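Novice: Structure here, sequence nowhere to be found:
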């Protein structure tokens with residue numbers, strides 16, 4: 001999910017740049033930059049399709065109990081950064097997308113920062129933001145694990161009723 005939301009952000013960003021470049025085109029001929037951006041966009045869209053397919057395979061494997069839904073995590077960093085726990089799977093995904101967007105903006109600000117003091121401040125914010133991202137990913141993992149348990153339990157009940 002995390003990789004997918006980052007990929008979506010890249011696609012939206014490049015799509016916006018592509019639209020701006022299209023406006024610069026003359027006599028229906030795209031600019032060289034527009035062609036370059038379109039080539040990258042096509043590749044990113046293909047990556048998105050493969051990633052969605054991978055997520056589907058992963059969810060199928062979890063459902064069929066070929067792998068665990070998540071692995072226990074041992075975090076020893078940024079324990080003082082607190083995050084309000086999302087109340088649903090969709091809220092967790094939405095918060096992750098928003099956090100990825102913030103992370104993207106912070107990374108851009110760090111690259112553009114002029115002095116060392118500003119870079120350090122932004123770097124600290126990036127660390128906190130990354131901790132929140134990880135917590136949202138953990139929440140998504142937890143909701144998937146709970147859903148798999150419910151589905152597996154209901155499936156076992158259903159199979160038990162069919163056998164009887």
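Specialist: Now that the structure is in, tell me what you want to look at. Not measured: the values here are computed from a predicted model.
Novice: Please name the residues that touch residue 17.
Specialist: Applying C-beta atoms under 8 Å, 6 or more residues apart in numbering, we find residue 17 in contact with residue 37. All C-beta atoms are positioned from the backbone trio N, CA, C, and that covers glycine.
Novice: secondary structure element for it?
Specialist: Following DSSP states H and E, one finds residue 17 within helix 2-24.
Novice: Check which helices and strands the longest helix that the chain contains is in contact with.
Specialist: Identified as the longest helix of the chain according to DSSP state H is helix 116-163. With contacts taken as 3 or more C-beta pairs under 8 Å, 6 or more residues apart in numbering; DSSP states H and E, helix 116-163 sits against helix 32-63, helix 89-112.
Novice: Most tightly packed of these?
Specialist: helix 89-112 (a mean of 16; mean count of other C-beta atoms under 10 Å).
Novice: packing partners for that helix?
Specialist: helix 2-24, helix 116-163.
Novice: Let me see the confidence value for residue 9.
Specialist: You'll see residue 9 listed with a pLDDT of 82.
Novice: Report the contact partners of it.
Specialist: 97, 100-101, 104.
Novice: what's the closest of those to residue 21?
Specialist: residue 104 (20.6 Å; C-beta to C-beta).
Novice: just for this protein, where's the confidence low?
Specialist: 1, 26-27, 70-81, 161-164 (pLDDT under 70).
Novice: If we use 80, what do you get?
Specialist: 1-5, 23-31, 59, 62-84, 152-164 (pLDDT under 80).
Novice: per the record, what domains does it have?
Specialist: Taking automatic domain parsing as the reference, the chain has its domains at 1-67, 71-164.
Novice: one step back: compare the helices and strands packed on helix 89-112 and give me the one nearest residue 67.
Specialist: That would be helix 116-163 among those, by C-beta to C-beta, at 10.3 Å.
Novice: what distance separates the longest helix of the chain from the middle of the whole chain?
Specialist: Its chain's C-alpha centre and that of helix 116-163 lie 11 Å apart, by C-alpha atoms, centre = their mean, to the nearest Å.
Novice: how many degrees apart are it and helix 89-112 in direction?
Specialist: Helix 116-163 and helix 89-112 are oriented at 160 degrees to each other (axes from the mean of the first three to the mean of the last three C-alpha atoms, to 10 degrees).
Novice: Helix 116-163 to helix 2-24, inter-axis angle?
Specialist: Calculated by the same axes, to 10 degrees, helix 116-163 forms an angle of 120 degrees with helix 2-24.
Novice: angle of helix 116-163 against helix 32-63?
Specialist: Using the same axes, to 10 degrees: helix 116-163 against helix 32-63 is 40 degrees.
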